[in-house]
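Engineer: Below is the structure, and that's it, no one-letter string:
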């Protein structure tokens with residue numbers, strides 16, 4: 001009879017583990033959404049904010065407003081990259097296209113490919129930034145020691161909430177893993 005009790009406990013334990021894994025998998029998507037909202041890493045909003053805008057989506061220009069746009073750069077491997085904005089900030093009229101540039105240099109002794117992940121802050125500005133041209137859209141091949149200018153053209157939507165007077169465009173540059 002002792003073996004039967006042990007088997008029952010094993011079955012209940014394994015069943016509980018399976019139910020726990022199912023619950024975790026079920027809750028993973030909502031937990032990810034909460035995480036993204038808190039950190040600003042919401043890939044769905046970022047991809048909408050980073051899609052090239054069509055010519056038919058021309059917005060009216062808000063001549064009475066100026067938004068400060070700050071530029072931040074980061075690389076998790078500073079020994080591999082020198083990555084910086086051409087300007088720390090610019091003033092933008094909502095509805096009017098603005099352009100800036102970034103500079104990246106491959107510090108390694110071999111060719112690499114860079115991948116850049118954008119982020120927009122504050123979170124309520126994400127859907128109001130439209131990038132028409134960005135090095136973040138595609139992987140960028142760099143020769144050993146190559147330094148390159150990376151342009152960005154974007155528009156701030158005039159419907160940006162009135163209390164948002166500063167928007168930060170941040171870019172993290174990674175070295176792509178081969179294969």
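Structural biologist: The structure has been received and is ready for your questions. Everything quoted here is computed from the prediction, not taken from an experiment.

Engineer: Moving along the chain from the lowest-mean-pLDDT helix or strand in the chain, name the first helix or strand you hit.
Structural biologist: Across the helices and strands of the chain, mean pLDDT, DSSP states H and E gives its lowest value to helix 43-50, namely a mean of 46. Where DSSP states H and E defines the elements, the next helix or strand beyond helix 43-50 is strand 67-74.

Engineer: Quick check: buried residues in the next helix-or-strand element following that following strand?
Structural biologist: Downstream of strand 67-74, the first helix or strand assigned by DSSP H and E is strand 81-85. Burial within strand 81-85, assessed by neighbour count using 16 or more other C-beta atoms under 10 Å, is assigned to 81, 83, 85. Any C-beta I mention is one placed from the backbone N, CA and C, and that applies to glycine too.

Engineer: which residues touch the closest residue to the last one other than its chain neighbours?
Structural biologist: Think residue 85. In space, and not counting its chain neighbours, residue 85 is closest to residue 71: 3.7 Å by C-beta to C-beta, 6 or more residues apart in numbering. Going by C-beta atoms under 8 Å, 6 or more residues apart in numbering, residue 71 touches 85, 87, 88, 89, 100, 102, 168, 169, 170, 171.
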